[in-house]
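Q: For reference, the sequence and a predicted model appear below.
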Amino acid sequence: MTRRLPVWTVTRHAVLIAGALVILMPFIWMISTASKPQTEIFSSHLHLIPEHFALWDNLRAAFAKADLWRFLLNGLIVTVSVFTLQLLVALPAAYALAKLRFLGRDTLFALVVFCILIPPQATAIPVFLLLHKLGLLDSYAALILPFSISVFGIFLMRQFFKTVPDDLIDAARMDGISEFGIVWRVMLPTAIPAVTAFGIFSVVAHWNDYFWPLIVLNSEYLRTPPLGVANFRNNEAGTDYGPLMAAAMVVIAPLVIAFLLAQRRFIEGITMTGIK
């Protein structure tokens, strides 16, 4: 005898599947376009499955038209450097806000929460002028230094550190470990899930950043992956959509792989930081 599923369960799954298809449709269309020759891309007949598979040809054309390896390397340098600097600042700051008692602690935390509300575009002009005065435009420093402090990272780490028992910190102090030692030898190992979650947010944000590199860069060899994809835009001859979508696949592939590898830690870090 078969058991009938409740109507709400069927409806919920149907809505989730429909939502997933809507979210995945741009990626499905990107893969479909990257697998088609130019004649099929501009065909009046709409179809997802290509009649002639041309993905490898489009990938070869993409790597021939732009130095994608250089752009990927630039993205790796920028994202890893930014994330490392953000951790060096966020972990001690979050520890102080979560576990140390001092005058004005709550006020400082309120300022941190307030700074989360400020979009980076609001401070773009002052930061650009400062980098110009320092002579740092068109360099890796221009891409990295403005994002070395992440108020979201401080907030996320602070929320996680609040869940760490004070007895663990007291025991470390009794063993003669300094406050900075506690941050790196005690708090950091316990905060790996939160660090992973923050790493996903940070890497995705700066890997996909198009606005800031477009402003501060002039040299092609410093371009990040989003700027590299823009090389396929041609206002005179028209955009070559096959290699363009193939290049877009190459650009997003590291993010997809990184998220799949860190998915469990990412979900664990979010649930354990009190963000619900």
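A: Okay, I see it. Everything numeric here is computed off the predicted structure, so don't read it as measured data.

Q: what about the helices in the stretch 151-276 of the chain?
A: Listed in chain order, the helices found in the stretch 151-276 of the chain under DSSP state H, counting those that start in this stretch are 151-161, 166-174, 179-182, 188-190, 192-207, 211-216, 225-229, 241-261, 263-272.

Q: Centroid-nearest residue for this protein?
A: Val204 (1.3 Å; C-alpha atoms, centre = their mean).

Q: do you know how far that one is from Trp69?
A: Per C-beta to C-beta, to the nearest Å, Val204 is found 21 Å from Trp69. Heads up, the C-betas are built off the backbone N, CA and C, glycines and all.

Q: now Leu46
A: 34 Å.

Q: can you check Leu91 too?
A: 33 Å.

Q: How about Val113?
A: Taking C-beta to C-beta, one finds Val113 at 41 Å from Trp69.

Q: for the residue nearest to the residue nearest to the centre of the chain when sequence neighbours are not counted, what are its contacts?
A: The shortest distance from Val204 to any non-neighbouring residue, by C-beta to C-beta, 6 or more residues apart in numbering, is to Leu255 (5.9 Å). Each residue near Leu255 by C-beta atoms under 8 Å, 6 or more residues apart in numbering is listed here: Val203, Val204, Trp207, Asn208.

Q: Can you tell me how far the closest residue in space to the last one that isn't next to it in sequence is from Pro213?
A: In other words, Asn208. The shortest distance from Asn208 to any non-neighbouring residue, by C-beta to C-beta, 6+ apart, is to Pro226 (6.1 Å). Going from Pro226 to Pro213 by C-beta to C-beta gives 7 Å.

Q: Who has more neighbours out of these two?
A: The neighbour comparison of Pro226 against Pro213 (other C-beta atoms under 10 Å) goes to Pro213, with 21 against 18.

Q: I'd say that one and Pro225 touch.
A: No. Counting by C-beta atoms under 8 Å, Pro213 does not reach Pro225; the two are 9.5 Å apart.

Q: what stretches of this structure score poorly on pLDDT?
A: For the chain, residues meeting the criterion pLDDT under 70 lie at 1-5, 233-239, 265-276.

Q: Where is the longest helix in it?
A: Determined from DSSP state H, the single longest helix within the chain is helix 68-99.

Q: ok, then the element right after that helix?
A: helix 105-116 (DSSP states H and E).

Q: list the buried ones in that following helix?
A: By 16 or more other C-beta atoms under 10 Å, the buried positions in helix 105-116 come out as Phe109, Val112.

Q: Let me have the helices of the stretch 151-276 of the chain in JSON lines, extended by distance to Leu134.
A: Listed next are the helices of the stretch 151-276 of the chain as JSON lines, based on distance: least, C-beta to C-beta, whole Å:
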{"stretch": "helix 151-161", "distance to Leu134": "22"}
{"stretch": "helix 166-174", "distance to Leu134": "39"}
{"stretch": "helix 179-182", "distance to Leu134": "29"}
{"stretch": "helix 188-190", "distance to Leu134": "31"}
{"stretch": "helix 192-207", "distance to Leu134": "20"}
{"stretch": "helix 211-216", "distance to Leu134": "12"}
{"stretch": "helix 225-229", "distance to Leu134": "22"}
{"stretch": "helix 241-261", "distance to Leu134": "30"}
{"stretch": "helix 263-272", "distance to Leu134": "35"}
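
Q: sorry, back to before: how close does the residue nearest to the centre of the chain sit to Asp106?
A: 31 Å.

Q: Can you get me a residue count around Ala172?
A: Using other C-beta under 10 Å, Ala172 has 17 neighbouring residues.

Q: now swap in the one 4 residues further on and tell me
A: Residue crowding around Gly176 was assessed by other C-beta under 10 Å; the count is 7.

Q: The one 5 residues further on now?
A: Here the count is done by other C-beta under 10 Å, and Gly181 has 14 residues near it.
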